[in-house]
Every structure is written in structure tokens, then in C-alpha cells.
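Student: Build me a model:
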Amino acid sequence: MVLSIAAAVIAIFALAVNPYLESTARIQTERGQTVISAGVYGVVRHPTYSAVLLSCLGVSFVFATLYVCITALVIAVLIIVRTYLEDKMLRERLPGYSEYAQATRYRLVPYIW
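Tutor: Below is the predicted model of the structure:
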């Protein structure tokens, strides 16, 4: 449960500093999207996806069945793939993102990836 609560806190902190946060991966040119590097975005580039991974881990501990663990693993793999693709898109299309990515080295897990 602690992991699930930590995931919710990370997601809330990401929402608090990123007005462009939404469920789709797109550049919001109509809103003048810029790179966000404040708060949790100074630690990892995709904190909401980090929160999803923590939540998957937490749910797997609470409901430790084979089906839940397999489902959590599938979700984790999809999040990792999505993170890679979104990061690539942001580097190509969002001005300043490449510099941000150099300054904030980790995508999902501090000191790992």
C-alpha cells in the first residue's frame, strides 16, 4: 500500500507543476507548450509513468496472484515502451527538450533509467 500511496503522491506532484500533462503524447502547440523541469521533473523526465510503475509493483504485492503479476508486468513493459517513444518524439519536436534530457538524465527511475 505504501508503494501505491507513493505513486499517487508522485502523480499529484507532477500534475501540480505541469499544466500540459494529459493522457495523450502530443505537442500542445495551441497552448504554447514548453519544457517543464521543476519539481519531480527535475528528478525524472516522466514522473507520472514512474508512478504507474510504482503502482503496478504495489498492486502486485497487495494482490499477489499470478494473473495480477502478469498484468502488472505487461503494463510495466507498455509504459517502458511508451516512455521510450514519447521521449524520442519530445526530443524531435519540443524545443529545449534535448537540453532538458541532458540535464535530467533519468527517464523513469533515478540513477537507473
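Student: give me phi/psi at A14?
Tutor: phi -70, psi -40 (degrees, to the nearest 10).
Student: Now for it, how many residues are close by?
Tutor: 21 (other C-beta atoms under 10 Å). To be clear about C-beta, it is placed using only N, CA and C from the backbone, and glycine gets the same treatment.
Student: Tell me the confidence at it?
Tutor: pLDDT recorded at A14 is 95.
Student: OK, contacts around it?
Tutor: L21, G39, V40, Y41, P47, T48, A51 (C-beta atoms under 8 Å, 6 or more residues apart in numbering).
Student: One more: Q28?
Tutor: With C-beta under 8 Å, 6+ apart, Q28 has these contacts: Y20, E22.
Student: now do F63
Tutor: Residues near F63 by C-beta under 8 Å, 6+ apart: none.
Student: now swap in Y49 and tell me
Tutor: Y49 sits next to I79, R82, T83, R107, L108 when contact means C-beta under 8 Å, 6+ apart.
Student: if you average pLDDT over stretch 83-96, what comes out?
Tutor: On average, stretch 83-96 scores 95.
Student: didn't I75 look like it was pressed against V52?
Tutor: Yes - using C-beta atoms under 8 Å, I75 makes contact with V52 at a distance of 6.9 Å.
Student: Which one's more surrounded, the two?
Tutor: Between I75 and V52, V52 has the larger neighbour count (other C-beta under 10 Å), namely 22 against 15.
Student: re earlier: now, of the contacts of Y49, which are buried?
Tutor: I79, T83, R107, L108 (16 or more other C-beta atoms under 10 Å).
Student: will you turn those into CSV that also has distance to F63 and secondary structure?
Tutor: Output for these, formatted as CSV (distance: C-beta to C-beta, whole Å; DSSP: H, G, I helix; E, B strand; the rest coil):
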residue, distance to F63, secondary structure
I79, 19, helix
T83, 25, helix
R107, 27, coil
L108, 23, coil
